[in-house]
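In: give me a 3D structure for the following:
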Amino acid sequence: MSDDADRHPRFNHVALSLPADALDERHRSEILDFYGEVFGWEEMPTMTLDRERLVLKAHSFEEFVFLVADENPMTCARLDHFGMSVATPEILDAMYAKARSYGVKDDRVEIVERATEDHGVLKLHSFYVRFLLPMMVEVQCFEWQG
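Out: Prediction:
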C-alpha cells in the first residue's frame, strides 16, 4: 500500500458563490491579480467560464478555491473566513506586507491587522484579509517553542 493510500483525509478546497457580475472578465482579472500577488494562487484556465466559474489553484492541483456564480450568492459576517497555514513567521510577514501594499493602491482590500497570541508552548501568528470574495482568508503560522 502506498503512502498516499494511508494518509488521513485532509481539506483540499473551499467553494464560494458570487454574483455572476463578480465573475466577469474585469472582476476575474482583479481577483487573479490580488490573490496571485499576495498568495501565489493561479487560475486554472480550463475551468474558467465567463460569469460562471473561476478556479484558483493554491500551489497544487489538490488545493484550490472554487468560485461559482449563483443567483443567491454567499453572504458572510465580516470575520467569517477560511484558513491557510504557512511554515514561518517570515513567510506570514511577507504575505501581510503584500496585502497591505495592495491595499494602498486599492481600498477594497480589507485587513485585520497581524497579531501574535502567546500560549507558552506555541506562538500563533495571524492576519486576515479579504478582496472581492465573501469570506476572509486567515493566514496563520504555528511557531512552536522549545
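
In: against residue 94, how distant is residue 115?
Out: Using Cβ to Cβ, to the nearest Å, residue 115 is found at 17 Å from residue 94. The C-beta positions use only the backbone N, C-alpha and C, and glycine is treated the same way.

In: so for the two, which residue has more residues nearby?
Out: Set residue 115 next to residue 94 and count neighbours by other Cβ atoms under 10 Å: residue 94 wins out with 13 against 10.

In: which helix or strand contains that one?
Out: Per DSSP states H and E, residue 94 falls inside helix 89-105.

In: how far is that helix from where the chain is centred?
Out: Counting by Cα atoms, centre = their mean, to the nearest Å, helix 89-105 is centred 13 Å from the centre of its parent chain.

In: which residue ranges of the protein form strands?
Out: For the chain, the strands defined by DSSP state E cover 13-18, 42-43, 53-60, 63-69, 81-86, 110-118, 122-130, 136-144.

In: those strands into a markdown table, with extra columns for mean pLDDT and distance to residue 5?
Out: Listed next are the strands of the chain as a markdown table, based on pLDDT from 0 to 100; distance: least, Cβ to Cβ, whole Å:
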| stretch | mean pLDDT | distance to residue 5 |
| --- | --- | --- |
| strand 13-18 | 98 | 21 |
| strand 42-43 | 98 | 28 |
| strand 53-60 | 96 | 18 |
| strand 63-69 | 98 | 19 |
| strand 81-86 | 96 | 24 |
| strand 110-118 | 98 | 37 |
| strand 122-130 | 98 | 31 |
| strand 136-144 | 97 | 27 |
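
In: where do the domain boundaries of this protein fall?
Out: Domains of the chain are assigned by automatic domain parsing as 3-69, 81-144.

In: ok, back up a step: ok and the helix holding residue 94 relative to strand 81-86, angle-wise?
Out: Counting by axes from the mean of the first three to the mean of the last three Cα atoms, to 10 degrees, helix 89-105 lies at 130 degrees to strand 81-86.
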